[in-house]
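*Asks:* Sequence and predicted structure are below.
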Amino acid sequence: MTIQEIQSEIEEEFGFFDDWMDKYEHLIGLGKDLPLIDPKFKTEEHIIKGCQSQVWLQAELEDGKLFYTADSDAIITKGVISLLIRSFNAQSPEAILEANTDFIDRIGLKDHLSPTRANGLVSMVKQMKFYALAFKAKTQNT
Amino acid sequence: MASIREQFPILKTQVNGKPLVYLDNAASTQKPTRVVNAIAQYYNTSHSNVHRGVHSLSQKATQLFEEAREAVRNYLNAESSDQIIFTKGCTDAINTVASGYERLLKKGDEVLISHLEHHSNIVPWQMACERSGASLKIIPMNHKGELEWSASLLSPRTKMVAVNHVSNALGTINPIQQIIADAHAVSAAVLIDGAQATPHFAIDVQALDADFYTFSGHKVYGPTGVGVLYGKRALLEKLPPYQGGGDMIKTVTFSKTTYAPIPFKFEAGTPNMAGAIGLHEALNFMSEIGLEAIASHENRLLLYATEELSRIPGIRFIGTAENKASVLSFLVEGAHPYDVGVLLDQMGIAVRTGHHCTQPIMDYFEIPGTVRASFGIYNTMEEVDQLVRGVMRSASMLV
């Protein structure tokens, strides 16, 4: 599936919820189910500090595809992370660099990706793209 | 109560489709219509630059600005209105004093602050100490969030004690009267950060014998961008000015400038006239309700909220001092404060989450932050009930 297709699928999934509580319960569930990041990556090097909650992010390249793992101390932040990871995982660096995160707006979670939330997510999206850029450069050099 | 709420149009706002429950008053209070109108009327009828013009409008603006100064003097029961300096906020007022002290302090001198301070009463003193070579000492805090005050923290080297009247993060009311008396015994000056006290109870700077007292306009139902520094005359006269510019000088030549007398020495540039006039109206609003009525209403809200929230399993109050203003910080076990804040916002309830610009307090309790509900004059018991239901609902979703 392309990033676009995955994001449409997520939108469709969230389309089932008419009230905020169901939506957030789903998001919290996704946050709780997010695969754990290897504790060795929970270091200063991988931390993205938000004023309120923080995020750890790590990425690896396998067969030309990027795989992210991440964590946060806040569960709603983790829920949004899980959506971002699901849409970008197992994609090529080029596809990730071209992709956007507008689907988050469309499912009514825009506020969570706003710089004013201070939850580390804006920086996390940037960092995900930096990883893609770095791996792209690395593959081109080898 | 209904008539008070009527004066705040913003309280009728819907947030996420729910009626707003505004419990973030310690960060900033909302404004009654009369404050907004006073500012509009000033601009519509009386605005010109102050202190310099001979024309009628300038005189009128100057008169209103100086009346605002007199109103603040009266509000704080200061000796004289020239001891009232308008600043751009409470932070700016503290920086005015700290930057002056930076030049008065010497290596070996000590500045004493407390573990309970807001960053705005920590960082300016760190900067002043760094540049002057003085050292910064800390009044410790106990597990209830009360200061462990002891006169033995003072020494003949202590030149300044800077402490808040009420903690913004925990609501603790500090024993400033004792601190001031003890500090004066070693000839140290005392600055009281009154940002969180002035919204809740009456302040008498002479009875307190405070050397400096600061507060913020927007936390007392007034506009943003205006704050107040009160100081004792002799200290203000000795304190070097913070900024240079127009309005703060007596004579200027290229070789030397002599400064204007207080308060103008500290008010470089065109002051925030509209802010001061709005603040004047806000102080009238509070005085008309009566500070005792405000304190007792907010105290009832605090006690009720504490009692009702304490029934929620897993609730943990951060800051359980005996003597508290209407600020309630708490955590729900197993839930990050950010998550609780996000869910409460979905229910239209505005609280603050995070470290509240008091990281040393959070470090002490080894927590990332708290959820903080803070009550103002327009809050109701029903809103407390909504908060309690909201927290219960959040807890059931998160934990």
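*Replies:* That came through, no problem. Residues are numbered from 1 along each chain as shown, chains lettered A, B, ... in the order given.
*Asks:* hey, let's count contacts and neighbours off CA atoms from now on
*Replies:* Noted.
*Asks:* Next up, identify which helix or strand residue 138 is on.
*Replies:* I went with chain A, as the question did not name one. helix A:121-141 (DSSP states H and E).
*Asks:* Switch to chain B, please.
*Replies:* According to DSSP H and E, B:I138 maps onto strand B:135-139.
*Asks:* Next up, the contacts around the closest residue to chain A within the stretch 151-300 of chain B.
*Replies:* Nearest to chain A, among the residues of the stretch 151-300 of chain B, is B:A169, at 14.6 Å (CA to the nearest CA). Shown in contact with B:A169 (CA atoms under 8 Å, 6 or more residues apart in numbering or on different chains): B:118, B:327, B:329, B:355-356, B:358, B:372.
*Asks:* helices and strands of chain A: which one has the lowest mean pLDDT?
*Replies:* Ranked by mean pLDDT, DSSP states H and E, the weakest helix or strand in chain A is strand A:47-49, scoring a mean of 83.
*Asks:* Give me the contact list for it.
*Replies:* The contact list for strand A:47-49, computed with CA under 8 Å, 6+ apart, reads A:54-57, A:119-120, A:123-124.
*Asks:* Make TSV from those residues and add pLDDT and distance to chain B to it.
*Replies:* Output for these, formatted as TSV (pLDDT from 0 to 100; distance: CA to the nearest CA, whole Å):
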residue	pLDDT	distance to chain B
A:Q54	85	10
A:V55	89	13
A:W56	92	15
A:L57	92	19
A:N119	71	8
A:G120	75	12
A:S123	84	17
A:M124	86	17
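*Asks:* By neighbours, which of the residues you listed wins?
*Replies:* Among the contacts of strand A:47-49, A:N119 has the most neighbours (other CA atoms under 10 Å in any protein chain shown), with 26 neighbours.
*Asks:* Quick check: B:V399 vs A:I28, distance?
*Replies:* According to CA to CA, to the nearest Å, B:V399 stands 10 Å off from A:I28.
*Asks:* do B:D82 as well
*Replies:* 57 Å.
*Asks:* And the two? Which one has more around it.
*Replies:* Taking neighbours as other CA under 10 Å, B:D82 and A:I28 compare with A:I28 leading, 23 against 20.
*Asks:* now the helix or strand where the more buried one lies: how far from the chain's centre is it?
*Replies:* A:I28 is located in helix A:20-33, with elements delineated by DSSP H and E. Mean-position distance between helix A:20-33 and its chain equals 15 Å (CA atoms, centre = their mean, to the nearest Å).
*Asks:* Would you mind writing the CA trace of it as PDB?
*Replies:* Presented in PDB, the C-alpha positions along helix A:20-33 are these (Å, rounded to 0.1, in the frame of the first residue of the first chain):
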ATOM      1  CA  TRP A  20     -15.300  12.600  20.400                       C
ATOM      2  CA  MET A  21     -15.200  10.000  23.200                       C
ATOM      3  CA  ASP A  22     -15.300   7.000  20.800                       C
ATOM      4  CA  LYS A  23     -12.600   8.700  18.700                       C
ATOM      5  CA  TYR A  24     -10.300   9.300  21.700                       C
ATOM      6  CA  GLU A  25     -11.000   5.900  23.100                       C
ATOM      7  CA  HIS A  26      -9.800   4.400  19.800                       C
ATOM      8  CA  LEU A  27      -6.800   6.700  19.800                       C
ATOM      9  CA  ILE A  28      -5.900   5.800  23.400                       C
ATOM     10  CA  GLY A  29      -6.200   2.100  22.400                       C
ATOM     11  CA  LEU A  30      -3.800   2.600  19.500                       C
ATOM     12  CA  GLY A  31      -1.400   4.400  21.900                       C
ATOM     13  CA  LYS A  32      -1.500   1.400  24.300                       C
ATOM     14  CA  ASP A  33      -0.900  -1.000  21.400                       C
END
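*Asks:* so how far is the helix holding A:K138 from its chain's centroid?
*Replies:* That offset, for helix A:121-141, works out to 13 Å (CA atoms, centre = their mean).
*Asks:* go on, stretch B:144-153?
*Replies:* Counting by CA atoms, centre = their mean, stretch B:144-153 is centred 21 Å from the centre of its parent chain.
*Asks:* Just the C-alpha atoms of the helix or strand encompassing A:I10, please, in CSV.
*Replies:* Take DSSP H and E as the rule and A:I10 turns out to sit in helix A:3-15. Extracted as CSV, the C-alpha positions of helix A:3-15 are listed here (Å, rounded to 0.1, in the frame of the first residue of the first chain):
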residue,chain,number,x,y,z
ILE,A,3,1.2,6.2,2.1
GLN,A,4,-1.8,7.8,0.5
GLU,A,5,-3.8,4.5,0.6
ILE,A,6,-2.8,3.9,4.2
GLN,A,7,-3.8,7.4,5.2
SER,A,8,-7.2,7.0,3.4
GLU,A,9,-7.7,3.8,5.3
ILE,A,10,-7.1,5.5,8.6
GLU,A,11,-9.5,8.3,7.6
GLU,A,12,-12.2,5.7,6.8
GLU,A,13,-11.6,4.0,10.2
PHE,A,14,-12.0,7.3,12.1
GLY,A,15,-15.0,8.1,10.0
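*Asks:* mind listing what's buried in that helix?
*Replies:* Judged by neighbour count (16 or more other CA atoms under 10 Å in any protein chain shown), helix A:3-15 contains these buried residues: A:3-4, A:6-7, A:10-11, A:14.
*Asks:* Would you map out the domains in chain B?
*Replies:* Following automatic domain parsing, chain B resolves into domains at B:2-30+B:291-398, B:35-287.
*Asks:* Quick check: end-to-end length of the last one?
*Replies:* The reference is to domain B:35-287. 14 Å.
*Asks:* pLDDT averaged over it - what is it?
*Replies:* For domain B:35-287, mean pLDDT rounds to 96.
*Asks:* just how off-centre is it within its chain?
*Replies:* Relative to the centre of its chain, domain B:35-287 is centred 10 Å away, using CA atoms, centre = their mean.
*Asks:* Kindly report the same for the first one.
*Replies:* Taking CA atoms, centre = their mean, one finds the center of domain B:2-30+B:291-398 at 18 Å from the center of the full chain.
*Asks:* picking up where we left off before, can you tell me which two in the contacts of strand A:47-49 are farthest apart?
*Replies:* Pairwise distances across the contacts of strand A:47-49 peak at 13.5 Å for A:L57 and A:N119 (criterion: CA to CA).
*Asks:* Thank you kindly, that will do.
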